[in-house]
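Peer 1: take this sequence and fold it.
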Amino acid sequence: MKKNAAKRRQKKITTAILGVVSGVLVLGAIGTVLYMTVLKDVFGGPKETKIVVTDINGSEVSYTPEELTLEIDTPGFYQGIKIDGVDVGGKSKEEVKNLFAENNKKNASDLLDIKFEIDGDLIQMGTDGLTVTSDIDEIIEKAYNYGRTSTLSGSEGLKDRYNTINALKTKPVEFASAYTIDTEAVDTLVHNSLDSYQKDVVEAHATGFDKEALEFIIEDSQEGFNVDFDKAIADVKSAIAGSEYEVVVPVSTEVVEPETSGEFLKEYLCKVSSTTSSTTSNSNRNTNIRLVCEKIDGLVLQPGESFNFNDYVGQRTADKGYKEANGIVGGVYKLELGGGICQANTMLYHSVVKADLQVDERHPHTIPSSYVPKGTDATVTWQSPNFQFTNDSEYPIAIHAYYADQSVTVQIYGRPLPDGQRIELIGEVLSSSEPTRTVYIADSSMAVGTRETARSAHTGYTCTSWKVYYDKDGNEVKRVEYLKSSYPMNNAEVRVGTRGPDGKIYNMDPATGKVDMPDDVQPTGETGTNSETENTGETQGPTETKAPSETKEPSETKEPSETKETKAPEETKETEGTKASEETKPPEDTTPAPKETTPPPAESKDPEAPSEG
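Peer 2: Down below sits the predicted model:
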């Protein structure tokens, strides 16, 4: 019984304690609620910070930091943001990128419309080679981030961002994209558009020579048109750099007047020089001279152009109509195709010198020519020796060459010599060397009593030449020493037969050419034959034949011009078509000889003699 009573008291006590604890907990909860809802404001307990901002209507609004952060950190573009005039407010980044995707696909032709205004025309500039780059992606990022950052921190930073975003509702902010155009190809595009307008001035010039009228064929001058490409290129690049994609660029130009007219050239150009000499009756030789004249007749050389005889005339062949006539080979006359052409070339040489043009290459013969003074001839052989000259004047020249009635003439047309002057080329013999002996050569293939002249004797000469200037009245003004010439002395060579009638070969005295044979042996050969066939145009013996005075036609001058003195070219080494043997070169002649001055070249009336070339 006592145990049960104790248990009941203990239970009552426990129940009472639990009741008290529960009451305390309930009172605490009620107190907390009262404090948070009523007593906190009454007794001034801890308060949370509020951010006060002014909305679009001018009213103040309080936000906790968390509330304000949620208000301004929206996922899309803020209202009031525009890109290239398009309102993108409320749109996402992806939506805006898709909206402007075409910007990255633009070509230069889509953007540029540049024209040139030139000479009354509007010329469209092309766009090939221009590369275009858009900055739209960077602009989208910049526009999206507008209002999402502040230079301030904490609550002030949030408030600053709110004010920036709120201002967009009354004052939208616009972002503009731009294109970058690489201008590297602009230079080429400008030239492609304008090159056809650029025209170089064309001076009046000779395009040919009328061989009938004996005058130059003149093409008249044309004015030039200069385009200021540098300025046009700079203007286009400046427009592109300033995003001026539709523009008309005025092009600066200049008209350039020619300095020479066709009328002036027709009146100014004239015959400058002429040289004539007589040929012989040898038809083959005259045919060769005629063919050369026909080849070079009417040839025009512009200022600075050169004439090369062998290159221009070409090899003398039977297919071209050339005939066999005597030429000099190794100091001996032999038949060769084109023999005699040196006479035409020598006439050309004289006229070139008399026209005061630059001689580049000239060689004398190995035997003096009879149709011009010693020291003034000019040989040619395929391929060397050659004759070359350059038109070093400031005007065109033309060659007029012709053969007729055993006479060959070569003339030069071009600018006149100054003040009516004329030039003559004369020769002067400085020394001579006579043949010293006859060389006898035993020939067992020839019968005793037979002699054959293998080579005739020729006097050797050392000569110089002079360019002599005369005024319009024929008075000598000056003389300038010109090219020198050397003609080797040749002793006569005679072949002597040493074969007897019985076939026996007898000895010959080389000093006298006498054949040592018994008195009872009778020679069977004929004497006095000459293996050197007589032909035309060259002197065969030591006696000099002087040419008669020159010119068939005097030089004409229409308008004076300043003379440029031609410097004589360095004399070239003589080369024959077949190189002469060393024994044909004469020993140095130290014996003084009287100087011989010969008149200018002209028509020769000498008997026929062989020709080198």
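
Peer 1: going forward, measure contacts and count neighbours with C-alpha atoms only.
Peer 2: Will do.

Peer 1: buried stuff in stretch 315-332?
Peer 2: Neighbour-count burial for stretch 315-332 flags 316, 322-332 (criterion: 16 or more other C-alpha atoms under 10 Å).

Peer 1: how far does that stretch stretch from start to finish?
Peer 2: 21 Å (C-alpha to C-alpha, to the nearest Å).

Peer 1: just how off-centre is stretch 285-302 within its chain?
Peer 2: On the basis of C-alpha atoms, centre = their mean, to the nearest Å, the separation between the geometric centre of stretch 285-302 and that of its chain is 31 Å.

Peer 1: report the mean per-residue pLDDT for it.
Peer 2: Per-region confidence: stretch 285-302 scores 98 on mean pLDDT.

Peer 1: can you show me the CA trace of it as CSV?
Peer 2: As requested, C-alpha coordinates have been extracted for stretch 285-302 and formatted as CSV (Å, rounded to 0.1, in the frame of the first residue of the first chain):
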residue,chain,number,x,y,z
ARG,A,285,79.1,43.2,-158.6
ASN,A,286,76.5,45.8,-159.6
THR,A,287,73.8,43.4,-158.7
ASN,A,288,75.2,42.9,-155.2
ILE,A,289,75.4,46.7,-154.7
ARG,A,290,71.9,47.1,-155.9
LEU,A,291,70.6,44.5,-153.5
VAL,A,292,72.2,46.1,-150.5
CYS,A,293,70.8,49.5,-151.5
GLU,A,294,67.3,48.1,-151.8
LYS,A,295,67.6,46.4,-148.4
ILE,A,296,68.6,49.5,-146.5
ASP,A,297,66.6,52.1,-148.5
GLY,A,298,63.9,53.7,-146.4
LEU,A,299,65.2,52.4,-143.1
VAL,A,300,64.3,54.8,-140.2
LEU,A,301,66.2,54.9,-137.0
GLN,A,302,64.6,56.6,-134.0
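
Peer 1: buried ones in it?
Peer 2: Those would be 285-293, 296-302, for stretch 285-302 by 16+ other C-alpha under 10 Å.

Peer 1: so where's the stretch 251-400 of the chain uncertain?
Peer 2: Low-confidence regions of the stretch 251-400 of the chain, defined by pLDDT under 70, are absent; no residue qualifies.

Peer 1: mind listing the strands for it?
Peer 2: In the stretch 251-400 of the chain, the strands defined using DSSP state E, counting those that start in this stretch lie at 253-256, 270-278, 300-301, 306-308, 324-329, 332-337, 358-361, 388-390, 397-403.

Peer 1: worst-scoring helix or strand of the protein, pLDDT-wise?
Peer 2: One helix or strand of the chain scores below all others by mean pLDDT, DSSP states H and E: strand 596-597, with a mean of 36.

Peer 1: where does pLDDT dip in the stretch 451-600 of the chain?
Peer 2: 521, 523-600.

Peer 1: repeat the analysis, applying 50 as the threshold.
Peer 2: 531-600 (pLDDT under 50).

Peer 1: could you pull out the strands for the stretch 101-250 of the chain?
Peer 2: 113-118, 121-124, 132-134, 173-175, 179-181, 205-210, 215-219, 224-227, 246-250.

Peer 1: what pairs with the fourth one, parallel or antiparallel?
Peer 2: Translated: strand 173-175. According to DSSP bridges, the neighbouring strands of strand 173-175, each with its direction, are strand 81-83 (parallel).

Peer 1: what average pLDDT does the strand it pairs with get?
Peer 2: Looking at strand 81-83 alone, the average pLDDT works out to 96.

Peer 1: after that strand, which helix or strand is next?
Peer 2: Taking DSSP states H and E as the definition, the helix or strand that follows strand 81-83 towards the C-terminus is strand 86-87.
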